[in-house]
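A.B. asks: Below is the sequence, then the predicted model.
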Amino acid sequence: MSLFDSVARYYARYRPRLPDQVVQLLARQLAGGKAPTLLDLGAGTGQVALSMLPALPPAAHMDLVDQNDGMLRTALDELGPKLGERTATVHAVPAEKFAPAQPGYQADLVTCCRAFHWMDRPAVLAMADRVASPHAAVAIMGDGSLWTHQVEWTVALQSLIQSHLGAERRADTTGTYREPGRRYEDDLAESAFSDVAEHRIPFHRMWTPRSVLGYLRSTSFARPDLFADHAGFEGQAQALLLQHARDGVLHEDGVFTVLLARRPGAAR
């Protein structure tokens, strides 16, 4: 069973999409293409695809790859009414196993958002080298989580989670999360996509206590089945969040990091 099998509806509703400036940055990588192909790895319920959709031309195609079939079904439900003439195909396989069915397939932009740490990163980048067009960009990106964000209300929330689940960050029902042993920049440096530019884009988000609780249900570190008494935890978390909210709103200021990588010599 996948780590995120039971949380697709919370993931779709409460996981933040890409900030507008990130969408604009990625769209510039596709400028001039009348029928570009976007390959999104670790697509989840389609946060990248839904964010990018308004910036894509009518003839664009998207391939969404995720090993969780339930997540992808939710993504298609969300995308379908908004696609217009654009097309989207889902692939329920691990990212490194993606193999396009059509001969001559070339992705013009490969994205991976908030998911690269779960993957076999060298194998994923080798796959991207096989399927990406000569001038394609690979965008490895993310913005941390409410676990890593350090302001008063998130620190208090993390302490509450730890009081129920222990000091270490949980990653499934029995294990704990481990930070990647090396930087993504080092993974890229040893891949075909070794020409890397880092973009750090500030963002501001507003949460309500309800949206934070929904978000937590979608995470690997606070999903409901980790708790002996999840209802009790949510009651305590709601009280904590209401205490910290200003006019019912909780604020998050962060940085969205995009590592935009190309093969050496490819045009920017």
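C.D. replies: Okay, I see it.
A.B. asks: so where's the stretch 1-150 of the chain uncertain?
C.D. replies: 1-6 (pLDDT under 70).
A.B. asks: which residues of it fall in strands?
C.D. replies: For the stretch 1-150 of the chain, the strands defined by DSSP state E, counting those that start in this stretch cover 37-41, 61-65, 87-91, 107-113, 132-142.
A.B. asks: Which strands border the last one, and is each parallel or antiparallel?
C.D. replies: Looking back up the chat, that one is strand 132-142. strand 107-113 (parallel), strand 250-262 (antiparallel) (DSSP bridges).
A.B. asks: Switch the ones you listed over to CSV; also include distance to residue 234 and mean neighbour count.
C.D. replies: Every residue, glycine included, has its C-beta placed from N, CA and C. What follows is the strands paired with strand 132-142, written out as CSV (distance: least, CB to CB, whole Å; neighbours: other CB atoms under 10 Å):
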stretch, distance to residue 234, mean neighbour count
strand 107-113, 27, 25
strand 250-262, 16, 19
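A.B. asks: Output these as CSV; include the columns distance to residue 184.
C.D. replies: Putting those into CSV (distance: least, CB to CB, whole Å) gives the following:
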stretch, distance to residue 184
strand 107-113, 9
strand 250-262, 6
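A.B. asks: what's the closest of those strands to residue 238?
C.D. replies: For the strands paired with strand 132-142, proximity to residue 238 was assessed by CB to CB; strand 250-262 is nearest, at 11.8 Å.
A.B. asks: can you pull the contacts of the closest residue to residue 135 other than its chain neighbours?
C.D. replies: Distances taken as CB to CB, 6 or more residues apart in numbering put residue 266 closest to residue 135, at 4.8 Å, once the chain neighbours are dropped. By CB atoms under 8 Å, 6 or more residues apart in numbering, the contact set of residue 266 is 134, 135, 136, 195.
A.B. asks: Residue 201 should be in a strand, yeah?
C.D. replies: Yes. With DSSP: H, G, I helix; E, B strand; the rest coil as the criterion, residue 201 is part of a strand.
A.B. asks: Before I go, just wanted to say thanks for your time.
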